[in-house]
Structure formats: C-alpha cells, structure tokens
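Student: mind looking at a prediction? Sequence and model below.
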Amino acid sequence: MVAVDTSYAAPNEISAQTGHTGWIVLFAFLVAAVLAAGSLVLGAPSGWRAAAEMTARFAVLLFAAAMIAEPVGRLVPVRPMQALACERGSLMLAFVLAMTASLACVAAPALLGGDKLTAQALAYCMLTGAILVVMLFSAHPATKRVLGGPAWRTLQRIGTSYFWLAFALIGIDHMVGPHRPDGWYGLSLLLLTVALLIRFTDSFVAKLRRTAPLAG
C-alpha cells in the first residue's frame with residue numbers, strides 16, 4: 001500500500017480548491033441525484049438498495065479520478081494534465097458528496113420506513129461516515145496550515161487507504177462470491193489497480209528525481 005500512502009507526500013502539493021470546485025461538486029450532486037432518483041423509480045421494490053449501489057459506483061469513478069489527478073499531472077507535465085491535477089481536491093470533495101448520497105440511500109429505509117438497519121449496514125454507515133468526515137476536514141486548505149504537513153498527510157492517507165481497500169474488497173467479493181455476473185466489479189478493480197500503479201510510478205519517479213542530483 002506504499003503507493004496509496006505516499007502520493008500526497010510527493011513534492012509540489014496542489015491547493016485543495018480551485019475556481020472550478022463549485023461546478024465540479026454541483027455536477028457530482030446532480031449526477032448522484034439523477035442516479036438515485038432513477039434507481040428508485042426503476043428499481044422498485046428494492047429501489048433504495050439500487051440507489052445506494054448506483055451512487056456508490058459513481059463515487060468509485062470520482063475516487064479513481066481523484067487518486068490519479070496529481071500523479072498524472074506530474075508524470076505528464078502538459079497543460080491539460082496539470083489542469084486536472086489542480087482539481088484533485090475538487091474531485092475528492094465530489095467523491096465525498098457522492099458517497100454521502102450512497103450512505104443516505106442505505107439508511108433511508110430505516111429513517112423513512114421504520115425498517116431496522118442490520119448490524120453490518122449500521123457499522124458500514126458509521127465507519128464510512130466517520131472516514132468521510134475526516135476526508136472532508138482534510139480537504140479544507142486551512143487544515144494543513146493548522147495541523148502541519150505530517151498530520152495533514154496522515155488524514156489524507158487514512159481516507160485514501162480505507163476507501164481503496166473497501167472498494168477493492170467489495171469488487172473481489174463480487175467477483176469470487178455467489179453473486180450474479182456483473183462486469184462493473186471487474187472494471188472497478190481494474191480502475192483501482194491502474195490508479196495504484198500510476199501513484200506507485202509517480203512516487204518512484206519522484207524518488208529518482210530527488211536522488212539524481214546526489215548521484216551526479
């Protein structure tokens with residue numbers, strides 16, 4: 001998990017928010033709302049479950065994009081990739097919003113219909129919600145100034161590592177468990193693996209650049 005942990009420690013860290021942050025978060029909100037509403041209409045009687053799954057899938061896409069934004073910007077230092085790198089914080093905020101929508105869909109039957117959440121669902125909501133709060137807190141630019149770089153990076157690592165592992169384990173479980181065939185989980189595992197490889201490459205190249213002057 002080195003690649004998950006060290007990407008944010010690489011040089012030239014980029015501000016968490018840009019002028020496009022509001023638009024990206026708004027876009028994520030609209031997409032999550034459309035996915036949830038469509039799932040509720042088309043997925044009855046298990047509409048809330050379908051809504052939670054669809055919004056979670058959208059969150060995985062945002063998470064993968066946020067994971068690779070900065071590494072790609074450093075590895076391919078052209079203007080479009082550097083512009084993408086600047087939006088890493090915006091993409092992470094959009095991810096937090098999409099995952100919050102997914103958790104709301106998981107809890108909605110209990111909150112609206114009086115159904116009881118299973119112990120597993122309750123634990124998932126509580127733990128994931130707590131990690132989302134950590135990620136949201138660490139996304140604010142003031143967090144790094146107040147806590148300092150090492151503590152800020154620790155918060156980033158906790159959130160990134162947790163969700164990478166959670167999404168990977170869910171994908172593996174659906175690939176090998178007694179579930180209906182669904183190509184999404186193979187795609188999600190591929191995206192997570194590629195994101196990890198990109199971050200590993202970024203960390204490796206950064207170390208080479210730091211050691212090159214010493215070797216010279």
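Tutor: Arrived safely.

Student: middle-most residue in the protein, spatially?
Tutor: Among the residues of the chain, the smallest C-alpha distance to the mean C-alpha position (Cα atoms, centre = their mean) belongs to residue 63, namely 2.7 Å.

Student: who touches that residue in this structure?
Tutor: For residue 63, the set of contacting residues under the criterion of Cβ atoms under 8 Å, 6 or more residues apart in numbering consists of 95, 163, 164, 167. For glycine as for every other residue, the C-beta is placed from the backbone atoms N, C-alpha and C.

Student: which stretches of the protein form helices?
Tutor: Counting by DSSP state H, the segments of the chain that form helices are 2-6, 21-42, 47-75, 79-86, 88-113, 119-139, 141-147, 149-176, 183-215.

Student: state the mean pLDDT of the shortest one.
Tutor: When pLDDT is averaged along helix 2-6, the result is 49.

Student: do stretch 78-90 as well
Tutor: In the prediction, stretch 78-90 has an average pLDDT of 87.

Student: and if you look at stretch 171-180?
Tutor: Averaged across stretch 171-180, pLDDT comes to 80.

Student: what is the end-to-end distance of it?
Tutor: One end of stretch 171-180 sits 13 Å from the other (Cα to Cα, to the nearest Å).

Student: got the contact list for the residue nearest to residue 124 when sequence neighbours are not counted?
Tutor: Of all residues beyond its chain neighbours, the one nearest residue 124 is residue 106 (7.3 Å), with distances taken as Cβ to Cβ, 6 or more residues apart in numbering. Listed by Cβ under 8 Å, 6+ apart, the contact partners of residue 106 are 48, 52, 117, 121, 124, 125.

Student: just for this structure, where's the confidence low?
Tutor: Per-residue confidence of the chain (counting by pLDDT under 70) places the weak regions at 1-19, 43-45, 114, 140-143, 177, 179, 212-216.

Student: thinking again about what came up before, just name the closest of the contacts of residue 63 to residue 157, please.
Tutor: Sorting the contacts of residue 63 by how near they are to residue 157, with Cβ to Cβ, puts residue 164 at the top with 10.4 Å.

Student: the residue nearest to the centre of the chain and residue 150, how far apart?
Tutor: Taking Cβ to Cβ, to the nearest Å as the measure, residue 63 falls 24 Å from residue 150.

Student: so what's residue 72 closest to, chain neighbours aside?
Tutor: Using Cβ to Cβ, 6+ apart and skipping the chain neighbours, the partner closest in space to residue 72 is residue 81 (5.3 Å).

Student: what does residue 166 give?
Tutor: Excluding the flanking residues, the one nearest residue 166 by Cβ to Cβ, 6+ apart is residue 128, at 7.4 Å.

Student: give me every residue that touches that neighbour.
Tutor: Listed by Cβ under 8 Å, 6+ apart, the contact set of residue 128 reads 99, 103, 166.

Student: so which of those residues wins on neighbours?
Tutor: Using other Cβ atoms under 10 Å as the neighbour criterion, residue 99 leads these with 24 neighbours.

Student: quick one: residue 24 and residue 95 touch, right?
Tutor: No: contact between residue 24 and residue 95 fails when scored by Cβ atoms under 8 Å: they sit 10.2 Å apart.
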